[in-house]
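Structure here, sequence nowhere to be found:
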């Protein structure tokens with residue numbers, strides 16, 4: 001007998017990762033909704049919920065679990081669907097306390113001091129201004145968005161005005177359907193007042209970026225991994241995420257302590273999470289940047305390379321109501337990174353590496369997986385889910401026995417990948 005597990009937004013790449021889990025022979029993984037339905041174009045949350053229910057109702061068998069590794073709307077669909085079908089899940093209110101950036105900051109402030117000054121920008125004002133107590137440089141971002149979409153750094157009033165204009169124009173695409181979900185729970189007055197299509201401003205943090213991944217099972221918070229996030233030089237765009245963190249024991253201990261206090265304050269239970277931080281390597285001080293109410297599917301291969309098992313395992317076990325006991329490390333490599341090959345100006349892609357070229361590189365350089373993002377003929381500015389300052393050309397998973405070896409492997413891959421462009 002096999003257990004049927006339904007994954008909101010299941011894609012081919014993550015399906016392969018799930019099928020490689022050591023106990024996957026006893027499970028069948030089914031997709032509900034596609035990543036394109038969830039993330040591209042206008043988001044009709046009510047229609048997505050109805051479609052998901054129809055797909056699940058049409059299944060002739062027992063539903064063992066409903067899970068997902070995506071942000072909104074998938075992260076909020078999971079608790080709503082699990083409640084309908086009587087399955088284990090984190091609560092919808094706890095997910096929203098993480099996903100709504102302003103609500104999340106208010107909850108964090110009740111439990112920790114490791115956070116920046118922040119406030120809401122009045123987008124409806126004739127001349128929007130920074131919130132009281134929030135100084136430059138600051139980051140402006142919707143209270144709910146995809147990845148780093150519509151996130152802008154402002155050093156002065158002119159950059160603030162430019163960012164506000166951009167956010168005003170685009171905040172509704174995600175903010176309006178997010179507002180529908182907010183209406184499903186009892187909101188504090190300050191959150192009901194700002195809604196889902198609002199703009200958060202917070203003072204820029206400093207240091208190096210890092211993240212921890214963990215889960216909560218029956219009220220107990222467990223952190224099972226710490227990762228580094230490395231930016232391109234003089235840029236806020238990620239160059240790579242690497243596992244395990246190279247920061248040392250003290251910053252990791254402090255991140256774990258902050259995570260435990262915050263997730264208990266939010267009353268987050270029976271779910272996975274990923275929390276991003278800024279760390280000062282010298283003092284060990286940490287400052288919380290953002291809470292994601294799901295583990296990171298972007299890191300699945302990193303855990304697989306180093307630990308021997310992808311972090312998807314924990315998501316599935318929690319979805320089944322099981323205690324996801326920590327497994328010892330037994331992977332092939334000591335360190336692995338997800339690298340982002342980027343271009344920092346627009347253009348039309350005239351050539352991308354062929355599948356044969358990619359396969360040859362992966363065969364020649366062990367411990368590598370390469371995914372090209374654009375297609376030939378595509379304008380980079382038309383790519384979905386990009387940050388505000390760059391365009392992804394490829395994502396490369398690279399593993400090694402030392403950080404130096406991993407860096408060398410990455411450079412060897414980049415040297416072998418041929419992209420060509422016509423200027424915008």
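Received, thanks. Remember, it's a predicted structure, so these values are computed and weren't measured experimentally.

Residue 190 against residue 106, yeah?
Yes. With contact defined as CB atoms under 8 Å, residue 190 reaches residue 106; the gap is 6.9 Å. Where C-beta positions appear, they are placed from N, C-alpha and C, glycine not excepted.

More neighbours: the two, which one.
Comparing residue 190 with residue 106 by other CB atoms under 10 Å, the one with more neighbours is residue 106, at 15 against 11.

ok, the more buried one - contacts?
Contact partners of residue 106, counting by CB atoms under 8 Å, 6 or more residues apart in numbering, are 188, 190, 191.

mind listing what's buried in the helix or strand hosting residue 52?
Element membership for residue 52 (DSSP states H and E) is helix 45-57. Under the neighbour-count criterion of 16 or more other CB atoms under 10 Å, helix 45-57 has 45, 48, 49, 52, 53, 56 buried.

again with stretch 305-322
305-307, 309-320.

Just the ones of the residues you listed in strands?
Judged by DSSP state E, those include no members of strands.

which residue ranges form the helices in the protein?
In the chain, the segments counted as helices under DSSP state H are 12-19, 35-39, 45-57, 74-85, 92-99, 101-109, 157-170, 172-182, 189-194, 249-266, 300-307, 312-319, 355-364, 403-416.

and the ones you listed, which one is worst for confidence?
The stretch with the lowest mean pLDDT among the helices of the chain is helix 35-39, at a mean of 90.

That one packs against which elements?
For helix 35-39, the packing partners by 3 or more CB pairs under 8 Å, 6 or more residues apart in numbering; DSSP states H and E come out as helix 45-57.

re earlier: okay if I get the helices of the chain as TSV plus distance to residue 231?
As requested, the helices of the chain are exported to TSV (distance: least, CB to CB, whole Å):
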stretch	distance to residue 231
helix 12-19	25
helix 35-39	24
helix 45-57	33
helix 74-85	26
helix 92-99	24
helix 101-109	21
helix 157-170	19
helix 172-182	24
helix 189-194	30
helix 249-266	17
helix 300-307	18
helix 312-319	27
helix 355-364	25
helix 403-416	15
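
Quick one: closest of these to residue 227.
Residue 227 sits nearest to helix 300-307 of all the helices of the chain, at 7.2 Å, using CB to CB.

Please compute how far that closest one lies from its chain's middle.
Distance of helix 300-307 from the chain centroid (CA atoms, centre = their mean, to the nearest Å) equals 17 Å.

just stretch 172-186 next, same as before
Centre-to-centre, stretch 172-186 and its host chain are 19 Å apart (CA atoms, centre = their mean).

Residues in contact with it: which ones?
Residues outside stretch 172-186 that contact it (CB under 8 Å, 6+ apart) are 42-46, 72-73, 76, 80, 92-93, 96, 99-100, 142-146, 191-192, 195-198.

Quick one: residues in contact with the longest strand that the chain contains.
When the chain is parsed with DSSP E, its longest strand is strand 220-231. Residues outside strand 220-231 that contact it (CB under 8 Å, 6+ apart) are 208-216, 237-247, 252, 255-256, 259-260, 263-264, 276, 299, 302-303, 307, 311, 314, 326.

Next: stretch 310-328.
The contact list for stretch 310-328 (CB under 8 Å, 6+ apart) reads 3, 5, 14, 17-18, 20-21, 27, 64-67, 69, 87-89, 213, 215, 217-218, 222, 224-225, 270-272, 294-297, 299-301, 303-304, 307-309.

Can you select the buried ones among those for me in PyMOL?
PyMOL command restricting the contacts of stretch 310-328 to the buried ones, with burial defined by 16+ other CB under 10 Å:
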select buried, resi 5+14+17+18+21+27+64+65+66+67+69+87+88+89+213+215+217+222+224+225+270+271+272+294+295+296+297+299+300+301+303+304+307+309
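
Tell me how many other residues crowd residue 395.
17.

Check the spacing between the closest residue to it other than its chain neighbours and residue 358 real quick.
Leaving aside its sequence neighbours, residue 395 sits nearest to residue 371 (CB to CB, 6 or more residues apart in numbering; 4.7 Å). Distance, residue 371 to residue 358, using CB to CB, to the nearest Å: 9 Å.

Looking at the two now, which is surrounded by more residues?
Neighbours per residue (other CB under 10 Å) separate residue 371 from residue 358, with residue 358 holding more: 20 against 12.

can you tell me which residues contact the more buried one?
Applying CB under 8 Å, 6+ apart to residue 358 gives the contacts 370, 372, 417.

coming back round to it: which residues are in contact with the residue nearest to residue 395?
Per CB under 8 Å, 6+ apart, neighbours of residue 371: 13, 394, 395, 396.

Of those residues, which is the most crowded?
For those, neighbours were counted by other CB under 10 Å; the highest total belongs to residue 396, with 24 neighbours.

Surely that residue touches residue 336?
No. With contacts counted by CB under 8 Å, residue 396 stays clear of residue 336, the gap being 10.8 Å.

Mutual contacts of the two, please.
With CB under 8 Å, 6+ apart, residue 396 and residue 336 have no common neighbours.

Let me know the average pLDDT across stretch 274-288.
Mean pLDDT, stretch 274-288: 89.

contact partners of it?
For stretch 274-288, contacts defined as CB under 8 Å, 6+ apart pick out 108, 112, 114-116, 205-214, 229, 247-248, 250-251, 254-255, 258-259, 262, 289-292, 294-296, 299.

ok, 6 Å please
Residues from elsewhere that reach stretch 274-288, judged by CB atoms under 6 Å, 6 or more residues apart in numbering: 114-115, 205, 207-213, 250-251, 254-255, 258-259, 289-292, 295-296.
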